[in-house]
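Chemist: Got a predicted structure plus its sequence, pasted below:
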Amino acid sequence: MPSKTERSIWTDETLKATMEVIERGTYSLRRPSKSWNIPMNSLANHLNGKTKSRKMGPRGVLTKEEEGETTLGCHKIDSKRPTSKFILQCIWTLTENMNI
């Protein structure tokens, strides 16, 4: 099993090829998993349709548009060298305005 820093080191092509080998019945999950360094749970989830993409981490709270607005605000803040109190006030205001 890869360490946390080596997660998701396989490519989409490798994943597809591995899934094809398993679907043809040539091998079970274990052997291709070890050969191509793809965790068995990941393979099983992709084969069962539980996972359709390789996006890691939790779902985002903000939409892409909201995230862009936040980023712009952060760039403005960065140019002023703000205090932590000022940053917290900005975050509080932003979350209140976005009803988060």
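Modeler: In hand now; what should we look at? Numbering: from 1, shown residues only.

Chemist: for the strand or helix carrying His46, packing partners?
Modeler: Using DSSP states H and E, His46 sits in helix 40-48. Here helix 40-48 touches helix 12-23, helix 30-36, going by 3 or more CB pairs under 8 Å, 6 or more residues apart in numbering; DSSP states H and E. The way it works is simple: take the backbone N, C-alpha and C, and place the C-beta from them, glycine included.

Chemist: His46: neighbouring residues, count only.
Modeler: Here the number of neighbours of His46 (other CB atoms under 10 Å) works out to 19.

Chemist: mind checking pLDDT for it?
Modeler: If you check His46, the pLDDT there is 86.

Chemist: for Arg59, same thing?
Modeler: Arg59 carries a pLDDT value of 73.

Chemist: Which secondary structure element is home to it?
Modeler: Of the helices and strands defined by DSSP H and E, none includes Arg59.

Chemist: Could you check how far it is from Cys90?
Modeler: Here the criterion is CB to CB, to the nearest Å. By it, Arg59 lies 24 Å from Cys90.

Chemist: Comparing the two, which residue is more hemmed in?
Modeler: Shown here are Arg59 and Cys90; by other CB under 10 Å, Cys90 has more neighbours (16 against 5).

Chemist: separation between the more buried one and Glu96?
Modeler: From Cys90 across to Glu96, the span is 11 Å (CB to CB).

Chemist: about what we covered before: buried sites along the helix holding His46?
Modeler: Residues of helix 40-48 classed as buried by neighbour count (16 or more other CB atoms under 10 Å): Ser42, Leu43, His46.

Chemist: Count residues in the vicinity of Ser33, would you?
Modeler: By other CB under 10 Å, neighbour count at Ser33 equals 20.

Chemist: try Ile22
Modeler: Residues lying near Ile22 (other CB under 10 Å) number 19.
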